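Visitor: this is a predicted model, with the sequence first.
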Amino acid sequence: MALIAQASTLESRIPMVHFFDGFRTSHEVAKIRAIDTGIIREMISQQSIMAHRQRALSPEHPVVRGTSQNPDVFFQARETVNHYYDACPGIVQEEMDRFAAVANELAARPGWKVLRVLGNLLDVEGMEYSSSEEIRDEVLASSMELTANNITLDASEQRMTAGGLERIATPAPFMIDGITRRAAPLHKTADGAWAIRMNPATAAGHNLSDGDSAILKQGDGATQSTVVLDDSVPDHCVWFPSGVPGSDEIGGSCGAVSVEKAS
């Protein structure tokens, strides 16, 4: 992550802070796997380094910075650098992808393996698994008599209301923070984009296809968005996040809804 942060800050011109969690971690190379110098040369652009050095304050090429300004002038100046922040998430993602390409063998350990090591150190029972497949096989072996489904109590009564659909809503991840809310590249990612999501069977039952424009109604409110087919959405459910444009018009984050193709 330190290498990605360094490469990203040189490319984006946005300062980034990368730090460890304490003295024992940050001052012992025994706890880390050092990156090969060839990978570092591949990730760090010499042109970006030279451009960074040339922007430094120097009597050889003096510039005026940080003069006394009233708020009206200062905030106008701050607005002119917004495009650097808008581009920053995309640059970080590009650097991560580039690192994955040149250093695929340095993949991070899954989080459960870290927990296993901690559990073993503390002598916690049930932490002796060596692979995720072992956990899966034990769970499946102990629950063969159970059948997974999306049926809840009084499901038939629920499906009788509002065309038989229930809304599922989670907060949009990039609409919570004031900075990420204005970062257009984040909202183009799979996690950041919002839409009316439903599984193919539910969509077919309402004569909807992937990419259709549809109207989602909840209570007395309605909003319009694009339909996206998603197998992870349960039957008779519609996923539309909260905290996005249009969600304030349809009420709470759960409840009976109806959906129809926009004319």
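Guide: Here it is on my side, so go on.
Visitor: please enumerate the strands of the stretch 51-200 of the chain.
Guide: 165-168, 196-198 (DSSP state E, counting those that start in this stretch).
Visitor: got any ranges where the protein has weak pLDDT?
Guide: 20-33, 66, 104-113, 143-163 (pLDDT under 70).
Visitor: could you chop it up by domain?
Guide: Domains of the chain are assigned by automatic domain parsing as 2-58+72-106, 111-142, 155-261.
Visitor: just how off-centre is the host helix or strand of T9 within its chain?
Guide: T9 is located in helix 2-12, with elements delineated by DSSP states H and E. Put simply, helix 2-12 sits 19 Å off its chain's centre (Cα atoms, centre = their mean, to the nearest Å).
Visitor: so who does I215 touch?
Guide: 222-224, 259-262 (Cβ atoms under 8 Å, 6 or more residues apart in numbering). Heads up, the C-betas are built off the backbone N, CA and C, glycines and all.
Visitor: repeat that with 10 Å
Guide: The contact partners of I215, by Cβ atoms under 10 Å, 6 or more residues apart in numbering, come to 196, 222-225, 258-263.
Visitor: kindly reformat those residues as JSON lines and extend each row with secondary structure and neighbour count.
Guide: As requested, those are arranged in JSON lines below (DSSP: H, G, I helix; E, B strand; the rest coil; neighbours: other Cβ atoms under 10 Å):
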{"residue": "I196", "secondary structure": "strand", "neighbour count": "25"}
{"residue": "A222", "secondary structure": "strand", "neighbour count": "16"}
{"residue": "T223", "secondary structure": "strand", "neighbour count": "18"}
{"residue": "Q224", "secondary structure": "strand", "neighbour count": "12"}
{"residue": "S225", "secondary structure": "strand", "neighbour count": "20"}
{"residue": "S258", "secondary structure": "strand", "neighbour count": "17"}
{"residue": "V259", "secondary structure": "strand", "neighbour count": "26"}
{"residue": "E260", "secondary structure": "strand", "neighbour count": "14"}
{"residue": "K261", "secondary structure": "strand", "neighbour count": "13"}
{"residue": "A262", "secondary structure": "coil", "neighbour count": "12"}
{"residue": "S263", "secondary structure": "coil", "neighbour count": "5"}
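Visitor: re the thing from before, quick check: which of the strands of the stretch 51-200 of the chain is nearest to N70?
Guide: Nearest of the strands of the stretch 51-200 of the chain to N70, taken as Cβ to Cβ: strand 196-198 at 47.2 Å.
Visitor: quick one: that closest one to chain centroid distance?
Guide: 18 Å.
Visitor: outside of it, which residues touch it?
Guide: 165, 167-168, 203-206, 208, 210, 212-216, 223-230, 232-241, 246, 257, 259.
Visitor: looking at the contacts of I215, which is nearest Q93?
Guide: S225 (24.7 Å).
Visitor: quick check, the closest one in contact with G211.
Guide: No. At 11.4 Å, S225 does not count as touching G211 under the criterion of Cβ atoms under 10 Å.
Visitor: can you pull the contacts of D212?
Guide: By Cβ under 10 Å, 6+ apart, the neighbours of D212 are 196, 203, 206, 226-229, 259, 261-262.
Visitor: the longest helix seen in the chain vs helix 2-12, what angle?
Guide: Under DSSP state H, the helix in the chain containing the largest number of residues is helix 82-102. Angle, helix 82-102 to helix 2-12, by axes from the mean of the first three to the mean of the last three Cα atoms, to 10 degrees: 140 degrees.
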